[in-house]
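Colleague: would you be able to build a 3D model of this:
(chains A and B)
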Amino acid sequence: MKEISELYLPDDVRYAETHEWVKIDDEMVRIGISDYAQDQLGDIVFVELPKVGDTFATGEEFGTVESVKAVSELYIPVGGEVLSINTDLDDAPELVNQDPYHDGWLIEIKPDDLLEVENRMTKEDYMEILEGEE
Amino acid sequence: MGKTVKETPLHEWHKGRGANMSVFGGYDMPLWYKSGAKKEHLTVITNAGIFDTSHMAMITISGQDAFDLLQLCFTKDLNECIGKNKTPIEPGRCVYGAYLNEKGAVIDDTIIGQIDHDSYISVVNAGMGATVTRHLLDHAKGKDVTVTDLSDKTGKVDIQGPLSARILAKVLQSPEQVFEGMPYFSFKGYFDKTSPLSEKVRLLDGTPLLLSRTGYTGEFGFEIFLDPGDLITFWEILLKAGEEFDLIPCGLAARDSLRAGAKLPLSHQDIGAWPFLNNPWPFALPYDARGTGFTKKFIGDESLLGIDKAEHTYAFAGYDLRKVSTCDPAFVMDAEGTKIGTVLTSVSDMAIGRHESKIYSIASPERPGDFRARGLSCGFIKVNTELAPCEMVELQDKKRKMKVEIRDDIRPDRTARRSIQSML
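Modeller: Numbering: from 1, shown residues only, chains lettered A, B, ... in the order given. Now for the predicted structure:
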């Protein structure tokens, strides 16, 4: 298991308490899981994602990641409509472990309210939560 | 039992190497190391892996009446348990079976080895040393027998995988001599330096070992018992010797998926507080030639023979690697959608896949040229009705439903029973 100091937690994304990250890219936002989440889950062997066009309210379950250990729910950090999903994960779910913020992204959505992203945690706030979970 | 979480002597080593730890059987154990559980699982099938299994408990049973006590408490008939001809147990041989209560339910499963004519060793699961010792002592009244719980007094390392013997050969004194006449389910040497048997198997530095040709992965390999004080050094000697063979340390997650694919039960999950009957492990009971009675009397026998309708436990394999969550719990449905039971174990064996209705492993010599193991879910279910191999049932947890097939066996082309000579 990585120590908190070993985790890669970029500054340019926001974090949810359920360990997803969200990043603004123009009018849309990209969503994935944090380095902490992938490290805790272990080898990710299957990712179940929604369909393009599906809509979710903030906090709703939008899919699952399956690791060798367990099946874990994914909760959407910001509500909206799914614009695209990372189809590379069909053949290479391990991308979520290897590169959780770039090649291992999960979905892109058109958010209902772009400003809501600002309500999610900064890196500093998220690290405080993680320290509490230790 | 106390609530304190126990540690093996390798605990700091595991944590220092970034292992993901979790409590199992009362011990804080590695689930996987940095290479990840999938690679660990695959490496045991193609090369070799080592497991810290010092959390398992060991009991010695010795004295003039040790044999009688085990005949009473252990499910196998020690008078007819070795090989196809069912000869009596002898020094250096071991057998798999279980300890049952009067109702025929499982207290724990075990491998029992005969050290010499009046002395036996019984390896039981983590945290079960005290319970099984008490059970044996309860039935030892008036018998000339000493039962000793060696929990936390022995270190244990399993080396599993086809290259295990080649790695061990580099670290043992006289490996040819050690490996000679060591069939599956036999052992040599002893971990107690004061025993004359301890001279039979030694490391190059003189450390004595009990080397057993057994394991919990379905693959070729050994279980090794030694003084806990020698554990860390031995672990590092093995890793160094195994470098050229890509030997890696493996955690409990890989151990769980390997054993499930090999159709081996996990005690207190796949066997437990229900009658030890109608399961994939009938060889652990002392059935007579007709298969209707037992060749000896033992605790639980009358209950087992008297049961009208016991539940059935079956192995299954799915069609992709997706699992169900057994803690939800997950249920089993028949073709009509009627609930017929529960899922005991649901894991993914990442070394296997289906090709035209047949399951192949990455180690199958006849696997198709374009075969790629995508992994299959597998495990055990317990149902209230009789099912046949190839029958389909549906597993359902809170999230998903999936069709799986009842199987006689799961991962093909396993190596556990290969001769040592063919693996050197």
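
Colleague: show me what contacts B:Ser35?
Modeller: B:Thr43, B:Ile248 (Cβ atoms under 8 Å, 6 or more residues apart in numbering or on different chains). All C-beta spots, glycine's among them, are computed from the backbone N, C-alpha and C.

Colleague: what about the strands in chain A?
Modeller: A:14-15, A:20-25, A:28-33, A:44-48, A:55-56, A:61-67, A:71-75, A:80-85, A:107-111 (DSSP state E).

Colleague: how about B:Gly189: what's its closest non-neighbour residue?
Modeller: Closest residue to B:Gly189 apart from its sequence neighbours, by Cβ to Cβ, 6 or more residues apart in numbering or on different chains: B:Val201 at 2.9 Å.

Colleague: same check, this time on B:Thr133
Modeller: B:Asp149 (4.2 Å).

Colleague: and residue 38, what pLDDT?
Modeller: With no chain named, the answer covers chain A. A:Gln38 carries a pLDDT value of 96.

Colleague: oops, chain B please
Modeller: 96.

Colleague: from what I can see it touches A:Asp43, true?
Modeller: Yes - assessed by Cβ atoms under 8 Å, B:Lys38 is found in contact with A:Asp43 at 4.2 Å.

Colleague: what sits in contact with each of those two?
Modeller: By Cβ under 8 Å, 6+ apart, B:Lys38 and A:Asp43 have these common neighbours: A:Val68, A:Glu94.

Colleague: which strand or helix spans B:Gly206?
Modeller: Of the helices and strands defined by DSSP states H and E, none includes B:Gly206.

Colleague: ok, now which ones touch it?
Modeller: Per Cβ under 8 Å, 6+ apart, neighbours of B:Gly206: B:Gln173.

Colleague: so how far is B:Val178 from it?
Modeller: 14 Å (Cβ to Cβ, to the nearest Å).

Colleague: again, but for B:Ser419
Modeller: 14 Å.

Colleague: higher neighbour count, these two?
Modeller: Ranked by neighbour count (other Cβ atoms under 10 Å in any protein chain shown), B:Ser419 and B:Val178 place B:Val178 first, with 21 against 13.

Colleague: now the helices for chain B?
Modeller: With helices called from DSSP state H, chain B shows them at B:11-16, B:37-46, B:66-73, B:129-138, B:164-171, B:175-179, B:231-242, B:252-261, B:301-306.

Colleague: so what touches the fifth one?
Modeller: Contact with helix B:164-171 is made by B:48, B:159, B:175, B:179, B:203-204, B:211, B:220-222, B:237-238, B:241-242, B:245, B:247, B:420, B:423-424, as judged by Cβ under 8 Å, 6+ apart.

Colleague: of those, buried ones?
Modeller: By neighbour count, with 16 or more other Cβ atoms under 10 Å in any protein chain shown, those hold B:48, B:159, B:175, B:179, B:203, B:211, B:220-222, B:237-238, B:241-242, B:245, B:247, B:420, B:423 as buried.

Colleague: got a pLDDT number for the closest residue to A:Tyr15 other than its chain neighbours?
Modeller: Distances taken as Cβ to Cβ, 6+ apart place A:Tyr126 nearest to A:Tyr15, at 3.8 Å, with adjacent residues excluded. Note for A:Tyr126: predicted pLDDT of 97.

Colleague: what is the burial count for A:Tyr126?
Modeller: 22.

Colleague: pLDDT weak spots in chain A?
Modeller: A:134 (pLDDT under 70).

Colleague: show me which residues of the stretch 1-150 of chain B sit near chain A.
Modeller: Taking Cβ under 8 Å from any Cβ of the partner chain, the part of the stretch 1-150 of chain B that reaches chain A is made up of B:Gly18, B:Ala19, B:Asn20, B:Met21, B:Leu31, B:Trp32, B:Gly36, B:Ala37, B:Lys38, B:Lys39, B:His41.

Colleague: show me which of those are buried.
Modeller: Burial of those was assessed by neighbour count (16+ other Cβ under 10 Å); the buried members are B:Ala19, B:Asn20, B:Met21, B:Leu31, B:Trp32, B:Gly36, B:Ala37, B:Lys38, B:Lys39, B:His41.

Colleague: dig out what the nearest residue to B:Leu150 once chain neighbours are set aside forms beta bridges with.
Modeller: Spatially, and ignoring its direct neighbours in sequence, B:Leu150 is nearest to B:Met58 (4.3 Å; Cβ to Cβ, 6+ apart). Beta-bridge pairing for B:Met58 (DSSP bridges): B:Val123.

Colleague: contacting residues for B:Met58?
Modeller: Counting by Cβ under 8 Å, 6+ apart, B:Met58 has contacts B:Ile121, B:Ser122, B:Val123, B:Val124, B:Gly129, B:Leu150, B:Ser151, B:Lys153, B:Thr154, B:Lys156, B:Phe225.

Colleague: re earlier: turn the buried ones among the residues of the stretch 1-150 of chain B next to chain A into CSV, including distance to B:Asp77.
Modeller: Shown next, in CSV, are these (distance: Cβ to Cβ, whole Å):
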residue, distance to B:Asp77
B:Ala19, 41
B:Asn20, 42
B:Met21, 41
B:Leu31, 38
B:Trp32, 39
B:Gly36, 43
B:Ala37, 38
B:Lys38, 41
B:Lys39, 42
B:His41, 35
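
Colleague: wait, which of those is closest to B:Thr292?
Modeller: B:His41 (39.7 Å; Cβ to Cβ).

Colleague: was I right to think that closest one contacts B:Ala254?
Modeller: Yes - using Cβ under 8 Å, B:His41 is in contact with B:Ala254, at 4.4 Å.

Colleague: which neighbours do those two share?
Modeller: A:Val68.

Colleague: could you tell me which residues of the stretch 201-350 of chain B lie near chain A?
Modeller: B:Ala253, B:Ala254, B:Ser257, B:Asp320, B:Leu321, B:Arg322, B:Lys323, B:Val324, B:Ser325, B:Val347, B:Ser348, B:Met350.

Colleague: by neighbours, which of those residues wins?
Modeller: B:Ala254 (32 neighbours).

Colleague: thinking again about what came up before, now the strands of chain A as JSON lines including distance to B:Leu264 and mean neighbour count?
Modeller: JSON lines is the format used below for the strands of chain A (distance: least, Cβ to Cβ, whole Å; neighbours: other Cβ atoms under 10 Å in any protein chain shown):
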{"stretch": "strand A:14-15", "distance to B:Leu264": "41", "mean neighbour count": "24"}
{"stretch": "strand A:20-25", "distance to B:Leu264": "37", "mean neighbour count": "19"}
{"stretch": "strand A:28-33", "distance to B:Leu264": "33", "mean neighbour count": "24"}
{"stretch": "strand A:44-48", "distance to B:Leu264": "21", "mean neighbour count": "22"}
{"stretch": "strand A:55-56", "distance to B:Leu264": "42", "mean neighbour count": "18"}
{"stretch": "strand A:61-67", "distance to B:Leu264": "22", "mean neighbour count": "21"}
{"stretch": "strand A:71-75", "distance to B:Leu264": "23", "mean neighbour count": "19"}
{"stretch": "strand A:80-85", "distance to B:Leu264": "38", "mean neighbour count": "18"}
{"stretch": "strand A:107-111", "distance to B:Leu264": "39", "mean neighbour count": "20"}
